[in-house]
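Undergrad: Structure, please.
(2 chains)
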Amino acid sequence: MKEPRAERVEPRAASRESSGEPEQGKQANGRSGDLDEPNGPAAQPPSRPAGGPVDLSVDFAGIRMQNPVLTASGTFGYAQEFEPYLDLNRLGALVVKTITRLPRPGNPAPRIVETPAGMLNAIGLQNVGIEAFIRDKLPYLRRLTPPLIVNVAGESVEDFRELTKRISDQEGVAGIELNVSCPNVAGGLDFSTDPKLTYQVVKAARDATGLPVIPKLSPNVTDIRAIARAAEEAGADGISLINTLVGMAIDVRTRRPKIANVTGGLSGPAIRPVAVRMVWQVRDAVRLPILGMGGIVTGEDAVEFLLAGATAVAVGTANFIDPTGVLKVVDGLRDFCAFHGIAEVRQLVGGLQIPGRNDQ
Amino acid sequence: MHAQIAFNRPISDAYRHLGVVAPGFPRSFAPGQFVMLRPPCVTDPFLPRAFSIYRSVPATDSAGSVVEILYKVLGKGTQYLAQMDPGQAVEILGPLGNTFTVPETVETAVLVAGGIGVPPIAALALELGKGQRPLEVFLGGKTADDILCVEDFETIGADLHITTEDGSKGTRGLITDLLEPFLESLGDPATRQLGNQEGPNRPIAQSPNRLRIFTCGPPGMLAAVARMAEERGLPCQTSVEANMACGFGACMGCAIEVRSKGPGPSYKLVCKDGPIFDSRDLVWR
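TA: Predicted coordinates:
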């Protein structure tokens, strides 16, 4: 991926300029703070009395957020479904269900099944298509105060370019998450298992918009770092980690797969250790800020991701078991910080301590 | 929403009756609606389970309601639930989903339920029973234990038709074995006269507009009832089940195939568009 590296500089610079917040993306990854120096004090939170006010605000990929807790795409519909249950304006940012160029009916039933501490799904990117999204869903989302990150998926590099362009022409969109990793759609939508394809998709989106571009990567790879580096070289502003793990469950009585698509994406607490590991690995491989997700249910789960190196986190499957789940993570995170005397949630980012390693 | 188990008692070996006190739960629900139930802080079983509401009565000592469901102990979720005691906490969400609808023109309701499909049908019967409309109730099961809510149907004076596969209660066989001749006795829809006619028990509405079938039960039974209804031009509302993660339209997991107007397949969500569907709108396999 050396050759394309030179190409990335210009559009990135342009994007920063157009967003009016030069270099914010870089700050957002926390590397400029003293906590993150390789030999820095990252370990201990500053000593201060517990129980004080906590600043939860973060800057992720150039997007200011009142707290670092987002909704994971595909688990929060178009937000309106949750309105009866919670105050949507308390979220850090909203990430809505994947939009494709044309409407998609989705996969045959059964589409989901429970598994130990999680679930398998193969929804098949059922969605209304970009034009209906802009017409019917966006006006509602625009009225909410948290930044809106629109997730898009294409069947080709060109699709991603067009979708990104079309979305960034709309008012009220703060960023674009690229779903380069849906495991449940036939026709090779899983671009992010290949560094070259990842690069091409991210580059196409990068060139099409001045908004922050955040590819969501697949965990179904041998080396997540190589994919993350390709995304960085192509000009991504942040990285979402992780999409679902491909899994399978069989009904032993009927001998049939438990979901019609045969395989599906595993999510929920079952995958959290894998997600935390990948965030930690990618944190060392690239300079981009990371949106960490995978099985977060509580505030402490979110802290785990922040310590591993995520700047912000997204709550996914927990939204299904409790529609107020994402706010419980916000509250739990604040409680954790207050209890441990952490004044700013940013201080947690990358704060992992490995005995015998950090002090070398 | 936090709730507390009021009672959780066995009806028979496999079936149980659960009541939860849910402060803030609406005092009324419409027959056919459901709740999502989950023990808090448990990761296995992880997802909430959908249960049709059987009854809901105002709680005596709080502002909320006691929501009652009947359930069959089948898998991990219901096994867990079966071991919970009064006083323990559960999370409840609801009432969710759409409802059975009974137009004013309907004179006779034909209710068909199999096994654990009975509770929403009993809820509907209790609602209809207030209006003195003739109710023909068909209950089927594998064995006598599967025949639920008989007292409810008797209280409101419904005509009960019961079958079990082992003959331990009612007629031996499938419920459709009784339903088909019953529908047949109504005559050929093409030559059917409007108005009532003296039947063996009470007047039965003859016009498709005045008779409606409501059904809930295992998929095979629902498909058979849907076919019988369609062959005779009788409207039929069917309550269906699907694997469900959220219950309110977010996960899109509970898709059901509906008859498509376009070239490709078309799906609706059981939780949000259902769980009650016009049987003619669904694709039966």
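Undergrad: Show me the helices in the stretch 51-200 of chain A, by range?
TA: A:130-132, A:138-143, A:157-168, A:195-208 (DSSP state H, counting those that start in this stretch).
Undergrad: Give the bridge partners for the residue in the stretch 51-200 of chain A positioned nearest to chain B, please.
TA: For the stretch 51-200 of chain A, the nearest residue to chain B under the criterion C-beta to the nearest C-beta is residue A:112, separated by 3.4 Å. All C-beta spots, glycine's among them, are computed from the backbone N, C-alpha and C. According to DSSP bridges, the partner residues bridging residue A:112 are residue A:121.
Undergrad: Surely it touches residue B:253?
TA: Yes. Using C-beta atoms under 8 Å, residue A:112 is in contact with residue B:253, at 3.4 Å.
Undergrad: Find residues that contact each of those two.
TA: The contact sets of residue A:112 and residue B:253 overlap at A:121, A:123, B:243-245 (C-beta atoms under 8 Å, 6 or more residues apart in numbering or on different chains).
Undergrad: top of the residues you listed by neighbour count?
TA: Each of these was scored for neighbours by other C-beta atoms under 10 Å in any protein chain shown, and residue A:121 scores highest at 31 neighbours.
Undergrad: Could you check how far it is from residue A:317?
TA: The gap separating residue A:121 from residue A:317 is 9 Å, by C-beta to C-beta, to the nearest Å.
Undergrad: Spell out which residues are contacts of both of the two.
TA: The overlap between the contact sets of residue A:121 and residue A:317 (C-beta under 8 Å, 6+ apart) consists of A:267, B:245.
Undergrad: What about the closest residue to chain A within the stretch 1-150 of chain B, how many residues nearby?
TA: When distances are taken as C-beta to the nearest C-beta, the stretch 1-150 of chain B approaches chain A most closely through residue B:43, which lies 4.2 Å from it. Applying other C-beta under 10 Å, we find 14 other residues in the vicinity of residue B:43.
Undergrad: helix, strand or coil for it?
TA: Local secondary structure at residue B:43 is given as coil here, using DSSP: H, G, I helix; E, B strand; the rest coil.
Undergrad: pLDDT weak spots in the chain?
TA: No chain was given, so I picked chain A. Low-confidence segments of chain A, defined by pLDDT under 70, span residues A:1-50, A:184-189, A:358-360.
Undergrad: Correction: the question concerned chain B.
TA: For chain B, residues meeting the criterion pLDDT under 70 lie at B:62-63, B:187-209.
Undergrad: Buried residues in stretch B:79-96, which are they?
TA: Applying a neighbour-count criterion of 16 or more other C-beta atoms under 10 Å in any protein chain shown, the buried positions in stretch B:79-96 are B:80-82, B:90-96.
Undergrad: Sorry, slip of the keys, the one I care about is stretch A:324-342.
TA: Here stretch A:324-342 shows A:324-330, A:332-334, A:336-338, A:342 as buried, counting by 16+ other C-beta under 10 Å.
Undergrad: Tell me where the stretch 101-250 of chain A has strands.
TA: Under the criterion DSSP state E, counting those that start in this stretch, strands of the stretch 101-250 of chain A are mapped to A:112-115, A:118-121, A:148-152, A:175-179, A:213-216, A:239-241, A:245-248, A:250-251.
Undergrad: Equivalent analysis for the stretch 151-285 of chain B, please.
TA: In the stretch 151-285 of chain B, strands defined by DSSP E, counting those that start in this stretch lie at B:159-164, B:171-172, B:196-197, B:204-205, B:211-216, B:236-239, B:255-258, B:266-269, B:276-278, listed in chain order.
Undergrad: tell me which strands and helices the last one is in contact with?
TA: By that I understand strand B:276-278. Applying 3 or more C-beta pairs under 8 Å, 6 or more residues apart in numbering or on different chains; DSSP states H and E, one finds that strand B:276-278 contacts strand B:236-239.
Undergrad: The strand it packs on pairs with which strands, and in what direction?
TA: On the basis of DSSP bridges, the sheet neighbours of strand B:236-239 come out as strand B:211-216 (parallel), strand B:276-278 (antiparallel).
Undergrad: burial of the residue lying closest to residue A:145 once chain neighbours are set aside, as a residue count?
TA: Using C-beta to C-beta, 6 or more residues apart in numbering or on different chains and skipping the chain neighbours, the partner closest in space to residue A:145 is residue A:89 (4.6 Å). The tally of other residues near residue A:89 (other C-beta under 10 Å) stands at 11.
Undergrad: so what's residue A:89 up against?
TA: For residue A:89, the set of contacting residues under the criterion of C-beta under 8 Å, 6+ apart consists of A:144-146.
Undergrad: please redo it, this time with the cut-off set to 10 Å
TA: Contacts for residue A:89 were tallied using C-beta atoms under 10 Å, 6 or more residues apart in numbering or on different chains; they are A:66, A:143-146.
Undergrad: which pair in these spans the largest distance?
TA: Using C-beta to C-beta, the contacts of residue A:89 reach their maximum pairwise distance at A:66 and A:143, which is 16.7 Å.
Undergrad: more crowded one of these two?
TA: Remark: of residue A:66 and residue A:143, residue A:66 carries more neighbours, 18 against 10, as counted by other C-beta under 10 Å.
Undergrad: Is there a neighbour count for the residue of chain B at minimum distance from chain A? I'd like the number.
TA: When distances are taken as C-beta to the nearest C-beta, chain B approaches chain A most closely through residue B:253, which lies 3.4 Å from it. Residues lying near residue B:253 (other C-beta under 10 Å) number 29.
Undergrad: same question, residue B:157
TA: Residue crowding around residue B:157 was assessed by other C-beta under 10 Å; the count is 12.
Undergrad: can I get the helices of the stretch 51-200 of chain A in a markdown table with distance to chain B?
TA: Below are the helices of the stretch 51-200 of chain A laid out as a markdown table (distance: least, C-beta to the nearest C-beta, whole Å):
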| stretch | distance to chain B |
| --- | --- |
| helix A:130-132 | 15 |
| helix A:138-143 | 14 |
| helix A:157-168 | 19 |
| helix A:195-208 | 24 |
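Undergrad: Out of the ones you listed, which is closest to residue B:10?
TA: Across the helices of the stretch 51-200 of chain A, residue B:10 has its closest neighbour in helix A:138-143 (46.9 Å, C-beta to C-beta).
Undergrad: Go ahead and confirm residue A:145 touches residue A:92.
TA: No. In this structure residue A:145 lies outside contact range of residue A:92 using C-beta atoms under 10 Å: 11.1 Å.
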